[in-house]
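Participant: Sequence and computational prediction follow.
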Amino acid sequence: MFKIVRREEMSDGTVILNEIEAPLIAKKALPGQFVILKANEEGERIPLTMAETDPEKGTITIIYMVVGKSTAVFRDLEIGDGFQDVIGPLGKATHLEKVGKVICVGGGTGVAVLHPITRGLKEVGNDVTCIIGARTKDLLIIEEKMKAASHDLRVCTDDGSYGHHGFVTDVMKEILDEGETKLVVAIGPVPMMKAVSNITKEYDVETMVSLNPIMVDGTGMCGGCRVTIGGKTKFACVDGPEFDGHQVDYDELMLRLNAYREEEEKCHSDYCTIRDAK
C-alpha cells in the first residue's frame, strides 16, 4: 500500500492534492514523468503526472480534478489510507537546457504538472515567464509555488475575477511580440494547448505540450494512449507524454478523450448515489 501522508482540497473541493509515500519513485522521478495509480483491486488505472517529488521524505505529490468515478474514489481517501498500486516513474522526462527566454503556460490542473518543469527550466539558467489561468479566481492553484518557480508570473481568469481578464493566450501574445522567446511550454486543457500552439506557430517559436490521453498499461503494449504526431502514430506513455505542439493532431485527441464521456458520467453518478446512501 502507498500511504497518503498529506491531503488538501483546492478549488472548493473539486481539485485534490495527495502526497503519497513512494520512496523508490521519489528517488528516480524527473520533471515531466508520470505515475499510474489504482485505488483498489477493482479500480481503474489512472495516469497522473507528478507535481512534486521529495526524495528525502520519499514522497510524491499528485494534484487532480475530480471528473469521474475513479477520481471520486481517490478523493474519498483520507490521510493514512493508501493506493493499492502506484507505478512509475513512467514516460520520458522533460529535456531541460538553457535556451534563453522561455514562456511556460498552464491552465487548470495542468499548472500542477507545469510546476516542476518551470522550476527546472529556471534552475538551468533560462529567463522564465509563467502564465497561469483558470475560469475564475477560486479555481487557481499553487500560485505562490509558480511565482517562486519563475522569474515573472502572470495570472489570468476568464471572468476577470483576478489578474488579467481574459485568456492565457492574450498575455502570451504580448510577450511574443516583444521578441526573443526561444521556447514555449504549454500544459492544460487540450483546447488551450491547441490555441497556444496555433499562435506560436505563427511566431515560429518551438512549443512543447504534455498530453494525457486515455491510458491503460503505461508501457506501450495496449495502444490505448496512441496519438498522432506529424501524421505518425505515437504512444504517449513511452514516446511522451511531451511532444512538439505544432505536430499534434488535437482534433483526434479531443475525440478520443471524449469517447467514453457518457459512460464516465453514469459511473460517477451511480458511485456518488451509492456512497451518499450509506
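Facilitator: Okay, I see it.
Participant: Show me the domain layout of this protein.
Facilitator: As assigned by automatic domain parsing, the chain contains the domains 2-90, 92-207, 211-260.
Participant: Redo those as CSV? Include mean neighbour count and mean pLDDT.
Facilitator: C-beta coordinates here come from the backbone N, C-alpha and C atoms, glycine included. What follows is the domains of the chain, written out as CSV (neighbours: other CB atoms under 10 Å; pLDDT from 0 to 100):
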stretch, mean neighbour count, mean pLDDT
domain 2-90, 18, 94
domain 92-207, 19, 96
domain 211-260, 17, 90
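Participant: any idea where the strands of the stretch 151-278 of the chain begin and end?
Facilitator: Along the stretch 151-278 of the chain, the segments classed as strands by DSSP state E, counting those that start in this stretch run 152-157, 164-165, 181-187, 206-210, 226-229, 232-235, 242-244.
Participant: what's the answer for the stretch 1-150 of the chain, then?
Facilitator: 2-10, 15-21, 34-38, 46-49, 52-54, 59-65, 82-83, 85-90, 101-107, 127-134.
Participant: Reformat those as TSV; add distance to P241.
Facilitator: Formatted as TSV, these follow (distance: least, CB to CB, whole Å):
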stretch	distance to P241
strand 2-10	21
strand 15-21	19
strand 34-38	6
strand 46-49	7
strand 52-54	16
strand 59-65	14
strand 82-83	20
strand 85-90	9
strand 101-107	15
strand 127-134	19
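Participant: Give the other helices and strands that the top helix by length along the chain contacts.
Facilitator: Counting residues, the longest helix found in the chain (DSSP state H) is helix 261-277. Applying 3 or more CB pairs under 8 Å, 6 or more residues apart in numbering; DSSP states H and E, one finds that helix 261-277 contacts helix 69-75.
Participant: Quick check: the closest residue to L77 other than its chain neighbours vs V209, distance?
Facilitator: Nearest non-adjacent residue to L77, counting by CB to CB, 6 or more residues apart in numbering: I4, 5.8 Å away. I4 sits 30 Å away from V209, going by CB to CB, to the nearest Å.
Participant: That's all I had, so thanks and see you.
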